[in-house]
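> sequence and predicted structure are below.
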Amino acid sequence: MDREGLRQWWPPSRWMTLRWVGIRRVIQVLAFVGFLMLFIWSRRGGWPASLVNAPMRLDPLAMLAHLLASRTFLASSALALSVVLLTLVAGRVWCGWLCPLGTLLDWIPLRNWRRHQVQVPDGLRGVKYGLLLTILVAAIFTNLTLLVLDPLTILFRTLSTAVWPAVDQLVTAAETALYNIPLLQPAVAAFDARVRPVALPIEPVFYRYTLLYAGFFVAVVATNLLASRFWCRYLCPLGALLGLISKIGLVRRQVTHRCTECGACESVCPTGAIQRERSFTSDPGECTMCMACSAACPAEAIKFPAGAPAPRWRAYDPDRRHLLTALGASIAGVGLFGSNLLAARDHSRLIRPPGARENDLLNKCIRCGECNRACPTSAIQPAVSEAGLEGVWTPVLVPRAGYCDYSCNACGQVCPVQAIPPLSLEDKRRRVIGKAYIDENRCIAWADNEDCIVCEEMCPVPDKAIVLDETAVLDAEGSRVMVQRPTVIRERCIGCGICEYKCPVNGEAAIRVYVPPEECGDLSF
Amino acid sequence: MTEYTRRKFLRRAAVSLGLLTSGWLLPGCSGEELVTPFPSPTPVPPTPPAVATGEPSGDTAQPTVTSTPGETEVPRPTATPERSLAQPDLVVARGGEPEEMVRRALAALGGMEQFVKAGDHVVIKPNICVAYHSYEYAATTNPWVVGALVKLALEAGAGQVRVMDYPFGGSAEQAYVKSGIQEQVEKAGSQMETMTRFKFVDTEIPAGLDLQRCKIYDGVLKADVVIDVPIAKHHGLARLTLGMKNLMGVIYDRPAMHRNLGQRLADLSSRVRPTLTVVDAVRMLMDHGPTGGKLDDVKKADTIIASSDIVAADSYAATLFGLRPDELAYVRAGTEMGLGRGDLESLRIEEISVGG
């Protein structure tokens, strides 16, 4: 093709719009990498907690719901106003340019896997508004359960409970295998010394139900099979909130008179926001400002000017019926959750992070998963059944997976909403999160009459909450032998769970931590 | 440009995988070498060693530890021939700054050059068992003791000095900082190493009576010189944690050690065989060990014990707590296995008062 031909095929003015798409892609990569870096570093404590948890504080949905449910305003949550402001100026830029889950859905379009063109009814777009309203109404009733559907919490939880442990397993397996080849040993050691301290755990990491988290995420991605960015179009409650705000936004997509009605824009729009029957205009509440349409437009008919006329309210936008349905659903849900026995009488293993139990965790926790990410031993895990459906994915300590490190107070520091209070290390060391009980039927010293003492050795309390009593017992031959038997001194135990974690008995430990006995709930007789 | 078809991709993947596995299997043919990559010229003989070691090997004026007749051959004989007859088996330095005590004690043993040769890879293993407290609480080895040993090793011409432990409470990174050891080690011109999972290799313990196999840290096995720097402290099961107990930090599956702990510690010591043991008793943790946390349990003793004989060092350290050496199960087991001598009366002990 000669120069002239090139100019005709690709007029210079077109570079401008293309450049915008290029800039958007770069920003998407940067935002995603930034999210990933903050994710990785939220484990190491190398960066300040207030920086590490910034993505969650940017999330206007989580911050608004927290404000409604906890009735407390945290100055640090005002960061979310920047996203609100951005949306007021330029529409759902968050969704198209910044949201890491949206970016991932762009990167995994599954376009070639879409065998049949499924016609998703446009009315389904109302689902996300319904979800949003349900979340906000429930938040007024102090319930935050449905924040598990916030895109940031979904991605963050998947990364921390499924992707990261699995990557560690694979990398370590590869390292172990390659380390057996003498020739490669220095290289493997150098690689590990460089990468592991930054990005991977020293001790292996275990989460319960990793398949559940991975499966949930795969399901979200798999909706791309039905339509590109299906999640963002129809389901995302954060997208719904930003969509509502962007209806009064300043900068909007506009189709000028140069439009030849070729339909090129309609076919590239990732959220299907462009409607042929409305002369290829789009609803700003559905448009993510990705500018793919203007790059695809052969007539350069698409502009993004400030102050374009406001669109008409669409059929799928929330109306009175939506509001009433959401209100009814939330109230019914709150009532049902409240009448669950677990709401009154705690699960005996509902061990909360330090300070959280006394802190009305359920009214505050936005389910973001920062605490289970920050926990250096992976003791903090998302609750699945311990807290009932209401408390699903709130933090719970699982001592068999990890222990509450006596030298750590990271969870309270990193929690963006102070659901886990930011305690000083001194204060945290005194917080009782549970009490340890010895199962004398399975304990090596009690049941097998053999010395073990691991629990006593590990106990970090300066006075030792576990003491050893030397007792004379009869062995199999009938002769007297001395054995050291552990006992828990109730008053000293803080419930950190290192005894349960390290107990050498297979399967369930012979010493276990349960919720503090005096705080089992509000059930009164 | 050639097209990269799926078939082509699969074929190449298969070939490279095949190459990789063959590279992995081939060195596997040489068998044991791979499992126990220990550079010592004289491997530990598998013969039962507990023969003539209970008695104090005849003449007390014959002070060389490693050439005691009948004793198990030490994999690395720490340059015994160069040591003069007047040199002590064990040195106790008292009453000075930690670094000064270490320097004087090592000088009395004939200098660090006795143990570290030019270019040697040296591993120093302090006790950094938890990340909970600073060194004043005596749960972790005194940072200046470790720092002094790093300096001495470097002065002796070591090619590389690495300091490491595998804490059981808190992360290594945290513990290194909290104990103050990282700071002193870096000041002394060396660095800490984080012990990573895959480097714990399945290792045979030929002389082991109870523990015959376990996963030991490769970096320690491969080191030319291992310096064991325990802090003297209380422990519920072992009674005291000293040099032999401190070696538990170089293995992976520690709960498995707790049954028959004394013998297993001796078995482990027979494989790791530190070249030098320096017991830090600048501060001693008298109770609530090994984690500690109360200053009331800490006794300032300003004492350093140094010996190339780990059993002797542990035996002497036991007396600081008012215990007889044979009250420690691992000292008994170590003596019986011929890892060293626990009979303090027959040892040539030099006591130095450093004075401050």
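Everything's here; your move.
> what segments of the stretch 151-300 of chain B are helices?
Counting by DSSP state H, counting those that start in this stretch, one finds helices in the stretch 151-300 of chain B at the ranges B:172-178, B:181-187, B:218-222, B:243-246, B:261-272.
> which sections of chain A are below the confidence cut-off?
Counting by pLDDT under 70, chain A shows low-confidence ranges at A:1-3, A:5-17, A:44-46, A:519-525.
> where is the longest helix in it?
Counting by DSSP state H, the longest helix found in chain A is helix A:13-44.
> who are the packing partners of that helix?
helix A:49-52, helix A:54-57, helix A:100-107, helix A:185-199, helix A:292-296, helix A:370-374 (3 or more Cβ pairs under 8 Å, 6 or more residues apart in numbering or on different chains; DSSP states H and E). (C-beta placed from N, C-alpha, C; glycine too.)
> try 7 Å
Judged by 3 or more Cβ pairs under 7 Å, 6 or more residues apart in numbering or on different chains; DSSP states H and E, helix A:13-44 is in contact with helix A:49-52, helix A:54-57, helix A:100-107, helix A:292-296, helix A:370-374.
> turn those into TSV, including mean neighbour count and distance to B:Ile349.
Shown next, in TSV, are the helices and strands packed on helix A:13-44 (neighbours: other Cβ atoms under 10 Å in any protein chain shown; distance: least, Cβ to Cβ, whole Å):
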stretch	mean neighbour count	distance to B:Ile349
helix A:49-52	17	53
helix A:54-57	23	61
helix A:100-107	22	66
helix A:292-296	22	83
helix A:370-374	28	51
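> out of these, which gets nearest to chain B?
helix A:370-374 (12.4 Å; Cβ to the nearest Cβ).
> could you dump the closest one to CSV, C-alpha only?
In CSV, the C-alpha atoms belonging to helix A:370-374 read as follows (Å, rounded to 0.1, in the frame of the first residue of the first chain):
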residue,chain,number,x,y,z
GLU,A,370,-7.9,-7.6,53.4
CYS,A,371,-7.5,-9.1,56.9
ASN,A,372,-7.2,-12.7,55.7
ARG,A,373,-4.7,-11.5,53.1
ALA,A,374,-2.7,-9.6,55.7
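> so what touches the helix or strand just after that helix?
Next along the chain after helix A:370-374, taking DSSP states H and E as the criterion, comes strand A:380-382. For strand A:380-382, the surrounding residues in contact (Cβ atoms under 7 Å, 6 or more residues apart in numbering or on different chains) are A:157, A:161, A:207-208, A:353, A:369, A:371-372, A:393, A:395-398, A:401, A:411.
> can you tell me which of these are buried?
Using 16 or more other Cβ atoms under 10 Å in any protein chain shown as the burial test, the contacts of strand A:380-382 include A:157, A:161, A:207-208, A:353, A:369, A:371-372, A:393, A:395-398, A:401, A:411 as buried.
> just flag the most distant two among these.
Using Cβ to Cβ, the buried ones among the contacts of strand A:380-382 reach their maximum pairwise distance at A:Arg208 and A:Cys411, which is 17.7 Å.
> quick one, longest helix in chain B?
Under DSSP H, chain B gives helix B:6-28 as its longest helix.
> what lies in contact with that one?
A:Ala177, A:Asn180, A:Ile181, A:Pro182, B:Leu34.
> buried only: go through those for me.
Buried subset of these (neighbour count, 16+ other Cβ under 10 Å): A:Asn180, A:Ile181.
> ok, and what's touching stretch A:335-352?
Residues contacting stretch A:335-352 (Cβ under 7 Å, 6+ apart): A:143, A:361, A:386-390, A:395-397, A:433-434, A:495, A:513-515, A:520-523.
> sticking with the spatially most central residue of chain A, tell me its helix or strand.
Taking Cα atoms, centre = their mean, the centroid of chain A lies closest to A:Thr153, which sits 2.7 Å from it. A:Thr153 belongs to helix A:151-158 when elements are defined using DSSP H and E.
> could you do A:Ala343 as well?
Element membership for A:Ala343, per DSSP H and E: helix A:341-344.
> counting contacts, what elements does the helix holding A:Thr153 pack onto?
Other helices and strands packing on helix A:151-158, by 3+ Cβ pairs under 7 Å, 6+ apart, are helix A:100-107, helix A:210-222.
> report the distance from the helix or strand following that helix to the chain centre.
Downstream of helix A:151-158, the first helix or strand assigned by DSSP H and E is helix A:164-179. Centroid displacement of helix A:164-179 relative to its chain, using Cα atoms, centre = their mean, to the nearest Å, is 24 Å.
> need the contact partners of stretch B:176-193.
Contact partners of stretch B:176-193, identified using Cβ under 7 Å, 6+ apart, comprise A:407, B:126, B:128, B:131, B:134-135, B:140-141, B:143-144, B:146-147, B:150-151, B:154, B:161-164, B:219.
> any idea of the mean pLDDT for it?
If you average the pLDDT over stretch B:176-193, you get 95.
> and it, what's buried?
Applying 16+ other Cβ under 10 Å to stretch B:176-193 flags B:Tyr176, B:Lys178, B:Ser179, B:Gly180, B:Ile181, B:Gln182, B:Gln184, B:Val185, B:Ala188, B:Ser190, B:Met192, B:Glu193 as buried.
> just stretch A:271-280 next, same as before
Using 16+ other Cβ under 10 Å as the test for burial, stretch A:271-280 gives A:Thr271, A:Gly272, A:Ala273, A:Ile274, A:Gln275, A:Phe280.
> distance to chain B added to those, as TSV?
Below are the buried residues of stretch A:271-280 laid out as TSV (distance: Cβ to the nearest Cβ, whole Å):
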residue	distance to chain B
A:Thr271	32
A:Gly272	32
A:Ala273	36
A:Ile274	35
A:Gln275	39
A:Phe280	38
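> A:Val118 falls within a helix, correct?
No - the assignment for A:Val118 is coil, going by DSSP: H, G, I helix; E, B strand; the rest coil, so no helix is present there.
> quick one: the strands in chain B?
Listed in chain order, the strands found in chain B under DSSP state E are B:90-94, B:121-126, B:160-163, B:191-192, B:200-204, B:213-217, B:225-229, B:231-235, B:239-241, B:276-285, B:298-307, B:349-353.
> can you pull the contacts of the spatially most central residue of chain B?
By Cα atoms, centre = their mean, chain B has its centre lying nearest to B:Asp228, at 3.3 Å. By Cβ under 7 Å, 6+ apart, B:Asp228 lies in contact with B:Lys125, B:Gly243, B:Asn246, B:Leu247, B:Pro274, B:Thr277, B:Ile310.
> how about those, which pair is most distant?
Most distant of the contacts of B:Asp228, by Cβ to Cβ, are B:Lys125 and B:Ile310, 11.5 Å apart.
> noted, bye for now.
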